[in-house]
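Peer 1: Kindly generate the corresponding structure for this input.
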Amino acid sequence: MSEIAVSKDQLNVRFDDALVHVDALDTTLAGVPDAPDGGIASELIGFAMAAALDAAGTTADGYRALIAVAKDVLEDFSSNEQRAVEELADLKSAVQDES
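Peer 2: All right, here's what the predicted structure looks like:
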């Protein structure tokens with residue numbers, strides 16, 4: 001079985017890269033124009049657009065929250081290497097038991 005290794009620096013680079021994409025999504029969403037005049041359907045078009053933009057914004061916030069939690073866990077593990085070794089050994093044992 002392969003060994004599990006965690007590099008704080010490499011993961012932080014990946015997290016920062018992901019945040020660039022999340023920020024780009026937010027910028028794009030901010031630039032979405034108001035719904036065009038669709039006659040009788042204008043209200044429904046506006047409602048659908050607002051719901052879609054809200055859902056996309058919630059997704060971006062979810063990624064930010066997940067990255068923040070992962071960074072905190074990574075910081076905790078790197079400051080307490082022995083605990084990290086024990087946690088990863090337990091994970092490895094659980095994975096081996098499942099296979």
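Peer 1: Skip ahead from the one helix or strand residue 55 maps to and say which helix or strand is next.
Peer 2: For residue 55, the enclosing helix or strand under DSSP states H and E is helix 42-79. Once helix 42-79 ends, the next helix or strand along the chain (criterion: DSSP H and E) is helix 81-98.
Peer 1: helices or strands up against that next one?
Peer 2: helix 42-79 (3 or more C-beta pairs under 8 Å, 6 or more residues apart in numbering; DSSP states H and E). Using the backbone N, CA and C atoms, a C-beta is placed for each residue, glycine as well.
Peer 1: what do you get if the cut-off is 7 Å, keeping everything else the same?
Peer 2: Packed against helix 81-98, as judged by 3 or more C-beta pairs under 7 Å, 6 or more residues apart in numbering; DSSP states H and E, are no other helices or strands.
Peer 1: what stretches of this structure score poorly on pLDDT?
Peer 2: 1-2, 4, 34-38, 99 (pLDDT under 70).
Peer 1: list the buried ones in the helix holding residue 55?
Peer 2: Across helix 42-79, burial judged by 16 or more other C-beta atoms under 10 Å covers 60, 67, 74, 77.
Peer 1: Distance from the chain centre to stretch 21-32, please.
Peer 2: Distance of stretch 21-32 from its chain centroid, counting by C-alpha atoms, centre = their mean, to the nearest Å, is 15 Å.
Peer 1: Pull out the buried residues from it.
Peer 2: residue 22.
Peer 1: which residues sit against that stretch?
Peer 2: The contact list for stretch 21-32 (C-beta atoms under 7 Å, 6 or more residues apart in numbering) reads 53, 56, 57, 60, 63, 64.
Peer 1: And the buried residues of helix 42-79, which is closest to residue 87?
Peer 2: Ranked by distance to residue 87 (C-beta to C-beta), those are led by residue 77 at 7.4 Å.
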